[in-house]
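Trainee: Predicted coordinates and the sequence they were generated for:
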Amino acid sequence: MRQLVIKPKIYKFNSCTEFIKAFPITEKDLVLTNEYIYQPYFGHLNLPCHIVYQEKYGLGEPSDEMIDRIFNDIKDIKFNRIIAIGGGSVIDIAKLFVIKDAANTLELFEKTIPMIKDKELIIIPTTCGTGSEATNISIAELKSKGTKMGLAIDELYADYAIMIPEMVKTLPYKFFVTSSIDALIHAIESLVSPKSNCYTELFSIKAIEIILKGYLEIIEKGEEYRTEIIEDFLIASNYAGIAFANTGVGAVHALSYPVGGTYHVPHGEVNYQFFVEVFKTYNRLNPNGKIKDVNKMLAGLIGTTVENVYDELEKILNNLLPKKSLKEYGMKEEEIEEFTVSVLEKQQRLLANNYTELSRDEIKGIFARLY
């Protein structure tokens, strides 16, 4: 059984100009980014590449409608390398552009065209959460299906993952918290996945250690302190990405996708809603499995007892950013059944990675408790 793949070559630079010197940009490059990210760091360099700003095709996270409009606008551009500079949305979209003759999002996610990679991919993450620079996964809202879905194929791996910490320092506090909680979830879901192994555990555990240590320091020293340790979070996000690229994630993501897709809640934020409740459920259903060791580790890191570990973890996360109820996003109580069915029918790929099986009633109960 395959144990570990780290596909992209990983580079770290102190500045954007260092990156440009190492990876010269030409007219054969297509850059997908956001204008507010690109202009302060690269605008003055007058690079000869083609530039596409994601926000000009719609706000929020990727949808098939947004991606198809970009496909249409770039169909006549001749490029052999795509450079993604941005957060999870930009990265997820850019990955799709490496596939030969791709022109329609639904065709890609339903795999009705050959999955042949014919372009090089460079990813520069500007958040400390998705870890997408290290994964072979693209997530999009498929409006025609009423949910988010993931496409996971090795052709979507980047050729190069570029860490530039200075680009993450300006990340607003709320997005820093929700994106880094997303990285924490990636690491812990990977750790309890049935596919977890001694190699992926190295990356999972180290990511968890870095993130929780950083959270406690930020709570003690104030939210601006995050800029002093931002490189740690960027690396932790990458570690978590390497881990879950090899193991997959589970019920936290499976439950969050239909809610995020319906109410357009950012990915990290909606995952945050389900994180602790899912792990409390795991712990109740199978307390003597691998989660027993995970609980001891978490308790040691945050300085509490095993019995109180998830309550104390939730206190720490709420100290950083208060968690909302699902109804605050617009969810109605009568939709609990509908979301439960959506998870069971459309997220089996993720549910297969659960620490322990969740029944229909357990899934429905999680939605109800968070409502």
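Mentor: Right, received. Where do you want to start?

Trainee: Could you pick out the longest helix of the protein?
Mentor: helix 198-221 (DSSP state H).

Trainee: Buried residues in that helix, which are they?
Mentor: 199-201, 203-212, 214-215, 218 (16 or more other C-beta atoms under 10 Å). Yep, even glycine has a C-beta here, placed from its N, CA and C like the rest.

Trainee: which residues sit against that helix?
Mentor: Helix 198-221 has contacts (C-beta atoms under 8 Å, 6 or more residues apart in numbering) with 3-4, 180, 183-184, 186-188, 190-191, 196, 225-226, 229, 232-233, 235-237, 239-240, 242-243, 246-247, 297-298, 301-302, 316-317, 319-320.

Trainee: ok, now with 6 Å
Mentor: Residues outside helix 198-221 that contact it (C-beta atoms under 6 Å, 6 or more residues apart in numbering): 3-4, 180, 184, 187, 190-191, 225-226, 229, 232-233, 236, 239-240, 242-243, 246-247, 301-302, 316, 319.

Trainee: quick one, strands of the stretch 151-300 of the chain?
Mentor: 160-163 (DSSP state E, counting those that start in this stretch).

Trainee: Tell me where it has helices.
Mentor: 173-192, 198-221, 230-247, 251-263, 267-285, 291-302 (DSSP state H, counting those that start in this stretch).

Trainee: Between those, which one is closest to Asp154.
Mentor: Smallest distance to Asp154 across the helices of the stretch 151-300 of the chain (C-beta to C-beta): 9.9 Å, for helix 230-247.

Trainee: out of the contacts of helix 198-221, which are buried?
Mentor: 180, 184, 187, 190-191, 226, 229, 232-233, 236, 239-240, 242-243, 246-247, 301-302.

Trainee: mind listing what the lowest-mean-pLDDT helix or strand in the chain pairs with, with the direction of each?
Mentor: Ranking every helix and strand in the chain by mean pLDDT, DSSP states H and E puts strand 147-152 at the bottom, with a mean of 83. Strand 147-152 has its sheet partners listed here by DSSP bridges as strand 137-142 (antiparallel).

Trainee: what is the orientation angle of the strand it pairs with with helix 230-247?
Mentor: 80 degrees (axes from the mean of the first three to the mean of the last three C-alpha atoms, to 10 degrees).

Trainee: got the CA coordinates for strand 137-142 in CSV?
Mentor: What follows is strand 137-142, C-alpha atoms only, in CSV (Å, rounded to 0.1, in the frame of the first residue of the first chain):
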residue,chain,number,x,y,z
ILE,A,137,-7.6,18.0,-4.8
SER,A,138,-9.8,20.8,-6.3
ILE,A,139,-13.1,21.7,-4.6
ALA,A,140,-15.9,23.6,-6.3
GLU,A,141,-19.5,24.3,-5.8
LEU,A,142,-21.5,22.6,-8.5
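
Trainee: Please compute how far that strand lies from its chain's middle.
Mentor: Relative to the centre of its chain, strand 137-142 is centred 11 Å away, using C-alpha atoms, centre = their mean, to the nearest Å.

Trainee: same question, stretch 343-350
Mentor: Between the centre of stretch 343-350 and the centre of its chain there are 18 Å (C-alpha atoms, centre = their mean).

Trainee: ok, and for that stretch, which residues are buried?
Mentor: Val343, Leu344, Lys346, Gln347, Leu350.

Trainee: Helix or strand for Glu338, just tell me which one.
Mentor: helix 335-346 (DSSP states H and E).

Trainee: Who are the packing partners of that helix?
Mentor: Packing partners of helix 335-346 (3 or more C-beta pairs under 6 Å, 6 or more residues apart in numbering; DSSP states H and E): helix 251-263, helix 360-370.
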